[in-house]
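Undergrad: The sequence isn't on hand, but the structure is:
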């Protein structure tokens, strides 16, 4: 979609919801085309990913895949009736774009409900913005309650274990 697409989507947000949609905690309405919904947040990637996870869990979906790096994230899930749900997140400067698709051809009602749920969570995020950067980097070790530091838990491939990963054997 590129920078021009994000800029156009941002201006759509301005027209639909005023300046608060672009420069505040609450984004404006979302765009829906070609079976997927798109919305832009002025929040760190980690916060939006956590809210997507929360929205999927509250909707009763099972998260099957989660990959987060510094500029992008993908979260995949399955609905109770077997449809696939995919959330793609991309960072462009201080903006995080969320693209959400439910099923193969898209489901506008379910997409709208999920995006509305994510928007509600971003108004009062569970993760603070200053800790969001640490959440997506592998370099920060996890803290223990007894002031000892330990390395992050990693999978067999060396990747940091996330909430969607199966428990270790």
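TA: Done, it's in. Nothing here was measured: the structure is a model prediction, and the numbers come from that model. Numbering: from 1, shown residues only.

Undergrad: Could you check how many residues crowd around residue 160?
TA: The number of residues packed near residue 160 is 15, by other C-beta atoms under 10 Å. Backbone N, C-alpha and C define where each C-beta goes, glycine included.

Undergrad: again with residue 84
TA: Burial of residue 84, expressed as a neighbour count using other C-beta under 10 Å, amounts to 15.

Undergrad: Does it touch residue 75 like I think?
TA: No: with contacts counted by C-beta atoms under 8 Å, residue 84 stays clear of residue 75, the gap being 11.4 Å.

Undergrad: how about the strands in this protein?
TA: Along the chain, the segments classed as strands by DSSP state E run 31-33, 36-41, 62-68, 72-78, 84-92, 95-102, 142-143, 149-150.

Undergrad: In its sheet, which strands sit next to the fifth one, and in what direction?
TA: When sheet partners are counted by DSSP bridges, strand 84-92 sits next to strand 72-78 (antiparallel), strand 95-102 (antiparallel).

Undergrad: Out of those, which is closest to residue 59?
TA: Residue 59 lies closest to strand 72-78 among these, at 8.5 Å (C-beta to C-beta).

Undergrad: List the buried residues of the closest one.
TA: Of the residues in strand 72-78, 73, 74, 75, 76, 77 count as buried by neighbour count, 16 or more other C-beta atoms under 10 Å.

Undergrad: mind checking how far the second one is from residue 94?
TA: When you say that, I think you mean residue 74. Shown here: residue 74 relative to residue 94, a distance of 21 Å by C-beta to C-beta, to the nearest Å.
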